[in-house]
Structures are given as structure tokens and as C-alpha cells.
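Participant: Need a 3D model of the following:
(chains A and B)
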Amino acid sequence: MGYLVGIPFMAGLAVLQASALSHLRLLEGRPDLILLAVVGWALTGRGQEAMFWGFAGGLFLDLVSGMPLGVTSTALVLAALAVTASEGRFWGAHPLMQLAAVLAASGILYGVGLLGLLILGRDLDLLRGLGSVVLPGTFLNLLLALPAVQLSESLQTFLFPPRVSV
Amino acid sequence: MSQLSSRALLATALLLLAAALFILNLGGYLDPAQDFLLRPFSATQQWVSRRVFALRDLLSSPADVSALQQRVAELEAERARLEEEIIALREQAAEAEVLSALLGYARQRPERGYQAAPVIGRDPSAFLQSISIGVGSDRGIRFGMPVVTDRGLVGRIFEVNATSARVQLLADPEFSVNVKLLGSPAEGVLAAQPNGELWIELIDQDAAVEPGALVLTSGLGGGFPADIPVGQVISVRRRDFELFQRATLQPAVDFEGLEVVLVITSFFPQPASTTP
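Facilitator: You can find the predicted model right below:
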């Protein structure tokens, strides 16, 4: 069910990201809703679904973006994999670890995105990109990280209520 | 199979699939599928964008908001209906204002054919300077067509789908256009820099270029029609040991505030000029 929910959810977030969130900026950085949703879902322990969400969300983002198809998917699958790679809810152990997970995932997203553009021969000012896009974007992601994790946990409880034996 | 290895397996499969899509996309094999998928997307994006613009307009006019609040207090019973009506009217007024300006611009140049297009989104990647518009090949939009507003040049079409298209903005480092300075024989090539500045390069050393000079497209190379305003020179760098002068440009168009643009549909760029 998590897989099925992910597709329309990610499509909706991609539309929001492209239309509404393009106005919410710090320098040139914007929060990455899909990244936050993927990391949040991965932190609830549903790693495989998070990877699938990342793949689908990345495709939707690339579809509405000038990025070649597959670049953002690769980044988000890797981000979800990084968050779920450690067993025992390592990242979910403490709110600070959740922030660290979003930080790591943001790094992967921007790193792979930049790599994809460099492979395609785009002329990029990496220093400026770091200062005006990567750092502000990561900061916004960190600001929204904890609410995103809370929302993911609420969504998980709503979709998959814990079984109680009486 | 352990959970860890099944996760690794899924990740590998998804990464391979993403790599395959990347390669197929570069080869242009996925264009029909993208076209099909983008139809519902652009319709939804258009709908969301209109609401976002309306909300932004409402929030950015505090005097009207207070008048609105007063009216709401007086007519508490009709509050929901009135709010909705005011938002809709404001949206229409803003749109009419933009369209009226664009219509005036189009009337001044009757020889050109225009297609008005709503801006439905910006590129989610902050590294790419492009916008999406809500018209595509169904309405005659083709690759390379210039995009303008009543203020001046916005960019050019660089990706077309059936119901939407992507416009590469003047501010994109991959964009370049031949320009001339109004009232001066000086010509040059405008190109955005990765640091965000717009530079006019290759200006003859002997040409007199002053800050404040208006910059227009020259039409040279066939990539754009001549005489579209591009912006204003804000500074000039002239060094005796260099072959050319360089000027920095302030674009005429505010790319952040774009809501509706015009695509010049009667102009088809020369193939060689798309990468001047």
C-alpha cells in the first residue's frame, strides 16, 4: 500500500515544488519537499518504500525540470539507501540524528545533481552554487526536517495503524 | 533473503532503471512518453500556479487586505462567499493588467504573431534558469521561438511538449544572444555568467558605451528578431590591453515576477544560430 500511496503523493509534491515552492527562497536555495518526504518515510523504518518513493519522486521532478530524466531519481534512491543502510533505526535514535540524516541526504541530492549537470557539460560556478544554492537549500531542508519527520510518522500511523492484541 | 540484501537489491534495480532512463532520455527515445505524462502535470501546475499567484497578490497588498477585513466584519454572514469573490476578481484584474500590457506590446508590432502563455512553474533545480509555460506544440509553439513580455526579452523555447513548453531564461549560463546598443554602432554578445551576472562581450574597443545605454537584440545570426529590448548597461569594463570591452547588463524583465509571457510564433530561428 505504501508503494501505491507514494506515486500520487510524490506527483503532488513535485507540482507543489515546481509551482508554489519556487517562490519560497533563501538566496537561490529552495526547500526540497520530495527529499524531506523520502527521508521522513525512510526514518519511519519503511526503507524499501522510501527508495521507491525517491525513484518515483525523482522522475516527477525531472519531468517538470530541465534535469535529464533519472538524475534526481538516482540521487533520491541513494539518499533513501543511505538513511536506511544502518540497521537498528540509527538515524531515528535522536532528533539531532534525524537532522543529520536530512543533512546527508541533501548533500547526496545536490552532489548527484551537480555531477549530472557537469557530465552533461553545463557551465557551473561551483563556489557560487555552494554559497547561493546548496547551503541555503540545505538550511531550509534542515528547518523543515523535524516537522517532515513528524508528518511522516503521523502518515505511517494513519496508513498502518499498529496492531494491538487484547 | 535478509531485509538488508533485499533493500540493496531494490536499490540496485532502481539505480539501474534510473541509469537506463537517463541514457534513453539523452537519446530522445522517451519524448513521446514524457509528452504523455506532462499533459496532466502541466494542467495541474497551471491550476496551482494561478492559486499561488492570487494568494501572493492578496498577501502583498496590505491596504486591500484591511479593507477586505473591514468588509468581512460588516458582512460576517457572507464572509466565505465574498472572500472567494474578491480573490477571484483580484486574480482576474492582475491577469487583465498583464494581458493588456502584452496586448499593447503586440499591437505595436502587428507584423509579428504572438501566443500568450501563462507561466506555470519554475525549474525545481536551482541550478537551471528556466520556466515552464502552459502552452505547447498544440498551440504552434516550436523549439527556439523567442519569448518576450511588454518589457523585453525573456528567453527562448528550448523544450516543447504538446501542452507545455520550457523557456530557457536570459539568465541561464547556456543562453547567449547578439545585441546592439541603442544610439551607438556598438554590438556584442550577451551571455549570462555562472555567477549570475549578464555580460555583453566582444564590444569593439573604439565604441562609446556608457552606463544607462539601452540594449536591444541585433537580429544578427538569425537567432532572434531585431530590436527586442533586453536591458540596460549598468557598468563598462574597458582595458587598453584587451581586444574588446565588456559591459554588465541589468535585464529589462524581472524574471521572478513573470505571470504571463508572449511567444513570438511568427519567428523561426536559423538552425545555426541556436548556439551562437
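
Participant: how about the nearest residue to B:Leu128, chain neighbours excluded?
Facilitator: Nearest non-adjacent residue to B:Leu128, counting by CB to CB, 6 or more residues apart in numbering or on different chains: A:Gly66, 4.3 Å away. (Each C-beta comes from the backbone N, C-alpha and C, glycine too.)

Participant: I figured that neighbour hits B:Ile131, correct?
Facilitator: No: A:Gly66 is beyond contact range of B:Ile131, at 10.0 Å (criterion: CB atoms under 8 Å).

Participant: got any residues that touch both of the two?
Facilitator: By CB atoms under 8 Å, 6 or more residues apart in numbering or on different chains, A:Gly66 and B:Ile131 have these common neighbours: B:Asp123, B:Arg166.

Participant: pLDDT score for the residue nearest to B:Leu128?
Facilitator: At A:Gly66, the pLDDT value in this model is 81.

Participant: pretty sure B:Ala247 belongs to a strand, no?
Facilitator: Yes: judged by DSSP: H, G, I helix; E, B strand; the rest coil, B:Ala247 forms part of a strand.

Participant: From A:Thr84, how far off is it?
Facilitator: 52 Å (CB to CB, to the nearest Å).

Participant: Next: A:Gly40.
Facilitator: For A:Gly40, the distance to A:Thr84 equals 12 Å [CB to CB].

Participant: do B:Ser184 as well
Facilitator: Separation of B:Ser184 from A:Thr84 (CB to CB): 62 Å.

Participant: ok, the two, which is more surrounded?
Facilitator: In this view B:Ser184 and A:Thr84 are compared by other CB atoms under 10 Å in any protein chain shown, and A:Thr84 has more residues nearby, 27 against 16.

Participant: Report whether the expected contact of that one with A:Trp41 is present.
Facilitator: No: contact criterion CB under 8 Å: A:Thr84 and A:Trp41 do not qualify, at 9.7 Å.

Participant: Common neighbours of these two, please.
Facilitator: A:Ala50.

Participant: Which is the succeeding secondary structure element to the helix or strand of chain B with the lowest mean pLDDT?
Facilitator: Within chain B, no helix or strand scores below helix B:62-74, which has a mean of 68 by mean pLDDT, DSSP states H and E. Remark: after helix B:62-74, the chain's next helix or strand is helix B:79-108, criterion DSSP states H and E.

Participant: In that next one, which residues are buried?
Facilitator: Neighbour-count burial for helix B:79-108 flags B:Ile86, B:Ile87, B:Arg90, B:Glu91, B:Ala94, B:Glu95, B:Val98, B:Leu99, B:Leu102, B:Tyr105, B:Ala106 (criterion: 16 or more other CB atoms under 10 Å in any protein chain shown).

Participant: what does stretch B:131-150 give?
Facilitator: Per 16+ other CB under 10 Å, stretch B:131-150 contains these buried residues: B:131-137, B:139, B:141, B:144-150.

Participant: Now do that stretch: distance to the chain's middle.
Facilitator: Computed by CA atoms, centre = their mean, to the nearest Å, the chain-centroid distance of stretch B:131-150 equals 10 Å.

Participant: Show the end-to-end separation of that stretch, please.
Facilitator: Terminal residues of stretch B:131-150 are spaced 17 Å apart (CA to CA, to the nearest Å).

Participant: And chain A, is it touching that?
Facilitator: Yes: applying CB under 8 Å from any CB of the partner chain, one finds stretch B:131-150 in contact with chain A at B:Ser132.

Participant: pLDDT below threshold where in the chain?
Facilitator: Since no chain was named, I'll use chain A. The model of chain A has pLDDT under 70 over residues A:87-93, A:165-166.

Participant: I was after chain B.
Facilitator: For chain B, applying pLDDT under 70 flags the ranges B:1-4, B:60-66, B:69, B:73, B:77-84, B:87, B:110-111, B:271-276.

Participant: all helices of it, in order?
Facilitator: Counting by DSSP state H, residue ranges of the helices within chain B are B:3-26, B:31-59, B:62-74, B:79-108.

Participant: Quick one: closest of these to chain A.
Facilitator: Counting by CB to the nearest CB, chain A lies closest to helix B:3-26 out of the helices of chain B; the figure is 3.3 Å.

Participant: Would you mind pulling up the elements that the closest one packs against?
Facilitator: Judged by 3 or more CB pairs under 8 Å, 6 or more residues apart in numbering or on different chains; DSSP states H and E, helix B:3-26 is in contact with helix A:47-63, helix A:71-85.

Participant: Relative to chain A, how far out is B:Pro269?
Facilitator: Taking CB to the nearest CB, to the nearest Å as the measure, B:Pro269 falls 19 Å from chain A.

Participant: how about the strands in chain A?
Facilitator: Secondary structure of chain A (DSSP state E): no strands present.

Participant: Now do the contacts for the residue at minimal distance from the centre of it.
Facilitator: In chain A, the centroid-proximal residue (CA atoms, centre = their mean) is A:Leu35; its distance is 0.9 Å. With contacts defined as CB under 8 Å, 6+ apart, A:Leu35 is in contact with A:Leu76, A:Ala79, A:Val102, A:Ala105, A:Ser106, A:Leu109, A:Asn141.

Participant: Repeat that for B:Ala106.
Facilitator: Neighbours of B:Ala106 in contact, by CB under 8 Å, 6+ apart: B:Arg112, B:Tyr114, B:Leu262.

Participant: Which of these fall in strands?
Facilitator: Per DSSP E, the subset of the contacts of B:Ala106 in strands is B:Tyr114, B:Leu262.

Participant: quick check, nearest of the contacts of B:Ala106 to chain A?
Facilitator: Among the contacts of B:Ala106, and counting by CB to the nearest CB, the member closest to chain A is B:Leu262, at 20.5 Å.

Participant: what's across from the spatially closest residue to the closest one that is not a sequence neighbour in the sheet?
Facilitator: Leaving aside its sequence neighbours, B:Leu262 sits nearest to B:Tyr114 (CB to CB, 6+ apart; 4.5 Å). B:Tyr114 forms beta bridges with B:Ile264, as assigned by DSSP bridges.

Participant: Contacts only, for B:Tyr114.
Facilitator: Contacts of B:Tyr114 (CB under 8 Å, 6+ apart): B:Leu102, B:Ala106, B:Leu262, B:Val263, B:Ile264, B:Thr265.

Participant: Please apply the same query to B:Pro146.
Facilitator: By CB under 8 Å, 6+ apart, the neighbours of B:Pro146 are B:Leu153, B:Gly155, B:Arg156, B:Phe224, B:Pro225, B:Ile228, B:Val263, B:Ile264, B:Phe267, B:Pro269.

Participant: 10 Å instead?
Facilitator: B:Pro146 makes contact with B:112, B:153-157, B:167, B:177, B:217, B:223-225, B:228, B:262-265, B:267, B:269, according to CB atoms under 10 Å, 6 or more residues apart in numbering or on different chains.
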